[in-house]
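[1] No letters, just coordinates:
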């Protein structure tokens, strides 16, 4: 009697141990990617058993293997480990929380960093972005009594939140404008890398196992742009989520908008309550990421007499440059007298905007599934569009 019972107990213990061994791990790779699955070792490499199959990874490409936990749990773990009196530690944790979409946690860490070091400019700049993201959620809430109107310039007293692009539309633009050497944070959903490899192995750059291995180690922006250049891009598009602003928007916000807002988006020009010449920008004191992308799309979509505000074929012909030059230096001067943005083509502002234009993708202009809903926009000035990919709710921008 005792022997069968002992055998049964041993069997149960074995099954329990096997169950523990099957717990998912997070395998972080040196190229910034990660895999979720059960880890097994085999002759100098790991075999990662994911829900879509087994992925072999060389050991020297693995940065770490750790328990798979939610971002909130991971934040609490990291918080317990840092030196809370060190402003650099608080900043780094705030930056990590921002990348994970934990905006309230990011705000708390960055505020703590600034309390410890009042002149911590990097923390101050990131805190502005975090607070803008938090405010953005309030602005776009459509339930009665929950929407908070942003402050506009004195001559622009109203703003309908429905005019602004949505988080999903921002995700479309981010992906379309992403370049392979970008530094934006990207999340791959639904094992999209393995799905792409499975579908395209033996084609183009993925003809051999060695090339497939190299593709897996590429930085995420390069992987994402390569997948989007595939003829089957629509099959993967919804599962490639650019979580933070690509370089084009970072530079637009820092280098382009300050010049535009001072000469083009003033209250007596295109930043007032009415559209002049079919063109109006949202000159808002408390800007949000949705406002930034809406303004970018308004500028990118504008054209007059066949000339575009952003000319991706001939950058110098962009009205964004021409309209800001003195009339005697511009090939296409602004129709009426306005304050100049650039003293000449050698001025710092002109060179900054030109450098930004040269950094944009194209020609041709990227296409994304966005249709602006501002009431003053002529149909022919709508941004370039393409059929929208179905994007899951979880893919929304934080």
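    Structure's in. What do you need? It should be emphasised that the depicted structure is a prediction, and the values quoted were computed from it without experimental measurement. Residues are numbered from 1 along each chain as shown.
[2] Run through who's touching the strand or helix carrying residue 195.
    For residue 195, the host element (DSSP states H and E) is helix 192-200. Under the criterion Cβ atoms under 8 Å, 6 or more residues apart in numbering, residues 33, 50, 52-53, 55, 206, 212, 215-216, 223, 227, 230, 232, 235-236, 239-240 lie in contact with helix 192-200. No exception for glycine: its C-beta is placed from N, CA and C like everyone else's.
[3] Next: stretch 352-365.
    176-177, 179, 247-248, 251-252, 255-256, 259, 300, 310-313, 315-316, 318, 320-321, 324, 342, 384.
[4] Which members of those come out as buried by neighbour count?
    Buried members of these, scored by 16 or more other Cβ atoms under 10 Å, are 176-177, 179, 247-248, 251-252, 255-256, 259, 300, 310-312, 315, 318, 320-321, 324, 342.
[5] Do a quick rundown of the strands in this protein.
    With strands called from DSSP state E, the chain shows them at 25-29, 34-42, 45-50, 53-58, 62-67, 186-188, 240-242, 303-304, 307-308.
[6] Of these, which stretch is the most buried?
    Among the strands of the chain, strand 240-242 has the highest mean neighbour count (mean count of other Cβ atoms under 10 Å), at a mean of 25.
[7] sorry, back to before: please flag which of the buried ones among the contacts of stretch 352-365 sit within helices.
    Applying DSSP state H to those, the entries found in helices are 176, 177, 247, 248, 251, 259, 300, 320, 321.
[8] Find the residue at the geometric middle of the chain.
    With distances taken as Cα atoms, centre = their mean, residue 244 lies nearest the centre of the chain, 3.0 Å away.
[9] Leaving out chain neighbours, which residue sits closest to that one?
    Counting by Cβ to Cβ, 6 or more residues apart in numbering, residue 185 is the residue found nearest to residue 244 once chain neighbours are left out, at 4.3 Å.
[10] Is it correct that that neighbour is in contact with residue 246?
    No: here residue 185 lies out of contact with residue 246, judged by Cβ atoms under 8 Å, at a distance of 9.9 Å.
[11] Next, please give the residue ranges for the helices of the stretch 1-150 of the chain.
    Taking DSSP state H, counting those that start in this stretch as the criterion, the stretch 1-150 of the chain contains helices spanning 2-21, 71-81, 87-99, 103-116, 121-139.
[12] and these, which one is worst for confidence?
    Within the helices of the stretch 1-150 of the chain, confidence is poorest for helix 2-21, with a mean of 38 (mean pLDDT).
[13] Could you dump the strands of the chain into a markdown table with distance to residue 79 added?
    As requested, these are exported to a markdown table (distance: least, Cβ to Cβ, whole Å):
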| stretch | distance to residue 79 |
| --- | --- |
| strand 25-29 | 18 |
| strand 34-42 | 21 |
| strand 45-50 | 28 |
| strand 53-58 | 30 |
| strand 62-67 | 16 |
| strand 186-188 | 22 |
| strand 240-242 | 25 |
| strand 303-304 | 50 |
| strand 307-308 | 48 |
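[14] Kindly reformat those as a markdown table containing mean pLDDT and distance to residue 106.
    Converted to a markdown table, the strands of the chain look like this (pLDDT from 0 to 100; distance: least, Cβ to Cβ, whole Å):
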| stretch | mean pLDDT | distance to residue 106 |
| --- | --- | --- |
| strand 25-29 | 82 | 20 |
| strand 34-42 | 83 | 20 |
| strand 45-50 | 83 | 29 |
| strand 53-58 | 77 | 31 |
| strand 62-67 | 84 | 21 |
| strand 186-188 | 94 | 16 |
| strand 240-242 | 94 | 18 |
| strand 303-304 | 84 | 39 |
| strand 307-308 | 92 | 37 |
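[15] now for the ones in helices among the buried ones among the contacts of stretch 352-365, which pair is the farthest apart?
    Greatest spatial distance among those (Cβ to Cβ): 176 and 259, at 23.9 Å.
[16] ok, which stretches of the stretch 151-300 of the chain are helices?
    Per DSSP H, counting those that start in this stretch, the stretch 151-300 of the chain carries helices over the ranges 167-177, 192-200, 209-217, 220-228, 247-251, 257-263, 289-301.
[17] Give me the buried positions along stretch 294-305.
    Under 16+ other Cβ under 10 Å, the buried positions of stretch 294-305 are 294, 295, 296, 297, 298, 299, 300, 301, 302, 303.
[18] And for stretch 277-286?
    Applying 16+ other Cβ under 10 Å to stretch 277-286 flags 279, 280, 281, 282, 283, 284 as buried.
[19] Bridging across strands, which residues link to the closest residue to residue 67 other than its chain neighbours?
    The shortest distance from residue 67 to any non-neighbouring residue, by Cβ to Cβ, 6+ apart, is to residue 25 (6.6 Å). Following DSSP bridges, residue 25 is listed with bridge partners residue 37, residue 67.
[20] Pull the contacting residues for residue 25.
    Residue 25 makes contact with 36, 37, 38, 39, 65, 66, 67, 68, according to Cβ under 8 Å, 6+ apart.
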